[in-house]
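Colleague: model this:
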Amino acid sequence: MRTRDGRNKVRGMHFASGLRIVCTALAALVALLALPGALQPGRDARLVAYQPLSQGQDGWICEMPGGARMAAGWAGEALTGGWLARAAQSESAATRKPLRVIRDPYPSFSSVAVDLERNEVIAGDENLFQILVYDRLANTPPRAAMTEPRRIIAGPKTGIEFVCALHVDQRTGDVYAIHADTAAVMQVFSQGQKGDVPPMRELRTGGDLRGRGLAVDEQHQELFVTSQHNSAVAVFRKQAAGDDAPLRVLQGDRTHLANPHGIALDSRNDLLFVSNHGQVSSRSAALVDPGRPLPRLLGERLAVPGTGRFLQPSITVFRRTASGDEAPLRVITGPRTQLNWPAGLALDEVRGEVYVANDTGDSVLVFQADASGDVLPIRVLKGPETGLKSPGGVFLDPKNDELWVSNYGNHTLAVFARAATGNTPPLRRIRSAPLGSEALMIGNPGALA
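Modeller: Next comes the predicted model:
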């Protein structure tokens, strides 16, 4: 099963989002089965009508068993990218209970940040759509089922979905959160907020910018967001809200951005670091209707057919103010680097080191910040004693000389000594599930069969 990252893993699913996706897939399948001449008596789906569904778009209305009706967008001879599922389902279809459910009932940590002033650790939970706050010194005993958080932000009013990156304002304690795939927003929750509460501020980034990584430049009051699907970095004012446009966008073939995830700033040297999984396709502004203004970011609709390609995973290093189709100053990539779906990044500006949550490698890699090319890491944190499993986020705590890692694969936050290396056990571990509970890693499934 492919996931929102194009992975072979499966990640935490929200029922409503999953249902929408499954309905969309069914609508497309039904439309294909119900083409004129293809429909046969006794089939599970039957064609009901061919009619306009929305402005400029016609489609097939198909009926499913039990009376449920599905609509699939149609343009000429091909299904459109934005299939519609507008037809109301019958009461029997809507209330029918599943025979069984496969789900992970526990929080799965995608990201981590530490409030150094208030001694709190903040974790993003992609599985149950939550932000959880713990005592920084918490350490789950082996016999305990889990560690109870100090507070939880969750519920419909929060708008939290696949929260995948966090930032904590060390002065105010405000928590910034970005969401993968579904919610094109960046949210800010004030220090101490809990429960089902709306964010104090929300930036609507737009459908072409569904964020993956997040970093804040306090000195210049700027907010950096990576756009995974469209291989870009967008920079906003730190206080941006509503429909504010980005100050600048970094995107294009020369950038070598390819499915970017993590992002970190080196304020001492005025540099920007971005981790890349490696999948990319070219975009062209020439495909934009001349009568319309250029979009903020060149999205999937402007992808050039036939340009999709797989690059090696990498860390690209840019000027902090890089924009447009600007080439990186240097790139860390190659088999010696051991990069394998590199995710969250953290910079140690004092020691000149960059930490990488190496997701599929079940490791944390550390490179010299001025490294370039196919180089070996200077340290590798990896092995059964570390407890690292699909790490997605890292946070460097210079005040307490500690390194925090969020493990999506086993419901844990782990904290290590700053210079830990090899098969070293963590100093402390926060668990959100009973010891040995398997993280199913189901998330935003695209199709079922």
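Colleague: thought residue 168 was touching residue 188?
Modeller: No - counting by Cβ atoms under 8 Å, residue 168 sits too far from residue 188 to count as a contact (10.7 Å). Heads up, the C-betas are built off the backbone N, CA and C, glycines and all.
Colleague: got any residues that touch both of those two?
Modeller: Residues touching both residue 168 and residue 188 (Cβ atoms under 8 Å, 6 or more residues apart in numbering): 174-176.
Colleague: Just give me the closest of those residues to residue 271.
Modeller: residue 176 (20.9 Å; Cβ to Cβ).
Colleague: Now for the closest one, which secondary structure element holds it?
Modeller: strand 175-179 (DSSP states H and E).
Colleague: Tell me the secondary structure of residue 254, please.
Modeller: Three-state assignment for residue 254 (DSSP: H, G, I helix; E, B strand; the rest coil): helix.
Colleague: Burial check on it, number of neighbours?
Modeller: Using other Cβ atoms under 10 Å, residue 254 has 11 neighbouring residues.
Colleague: Report the separation between it and residue 260.
Modeller: According to Cβ to Cβ, to the nearest Å, residue 254 and residue 260 sit 15 Å apart.
Colleague: Please apply the same query to residue 188.
Modeller: Counting by Cβ to Cβ - residue 188 and residue 260 are separated by 22 Å.
Colleague: Same check on residue 201?
Modeller: Distance of residue 201 to residue 260, computed by Cβ to Cβ: 24 Å.
Colleague: Just want to know which of the two has more residues nearby.
Modeller: Legend: neighbour count by other Cβ under 10 Å for residue 201 and residue 260, higher for residue 260 (29 against 16).
Colleague: So the nearest residue in space to residue 186 that is not next to it in sequence: helix, strand or coil?
Modeller: Spatial nearest neighbour of residue 186, chain neighbours left out: residue 203 (4.3 Å); criterion: Cβ to Cβ, 6 or more residues apart in numbering. When classified by three-state DSSP, residue 203 comes out as strand.
Colleague: wait, isn't residue 203 in contact with residue 184?
Modeller: No - assessed by Cβ under 8 Å, residue 203 is found out of contact with residue 184, at 9.5 Å.
Colleague: the more surrounded of these two?
Modeller: Neighbours per residue (other Cβ under 10 Å) separate residue 203 from residue 184, with residue 203 holding more: 26 against 17.
Colleague: beta partners for the more buried one?
Modeller: For residue 203, the beta-bridge assignment (DSSP bridges) gives partners residue 186, residue 242.
Colleague: any idea how far it lies from residue 166?
Modeller: Distance from residue 203 to residue 166, by Cβ to Cβ: 15 Å.
Colleague: What does the nearest residue to residue 223 once chain neighbours are set aside show for phi and psi?
Modeller: Excluding the flanking residues, the one nearest residue 223 by Cβ to Cβ, 6+ apart is residue 236, at 4.5 Å. Taking degrees, to the nearest 10, you get phi -120, psi 170 for the backbone angles of residue 236.
Colleague: same thing with the one 4 residues further on?
Modeller: The phi and psi torsions at residue 240 (degrees, to the nearest 10) take the values phi -60, psi 150.
Colleague: Closest to residue 98 out of the shared contacts of residue 168 and residue 188?
Modeller: For the shared contacts of residue 168 and residue 188, the nearest to residue 98 is residue 175 (34.6 Å; Cβ to Cβ).
Colleague: tell me, how many neighbours does the closest one end up with?
Modeller: 25.
Colleague: can I see the domain layout of this protein?
Modeller: 15-95, 109-431 (automatic domain parsing).
Colleague: gap between residue 330 and residue 373?
Modeller: Residue 330 is 8 Å from residue 373, by Cβ to Cβ.
Colleague: For the two, indicate the residue with more neighbours.
Modeller: Legend: neighbour count by other Cβ under 10 Å for residue 330 and residue 373, higher for residue 330 (15 against 11).
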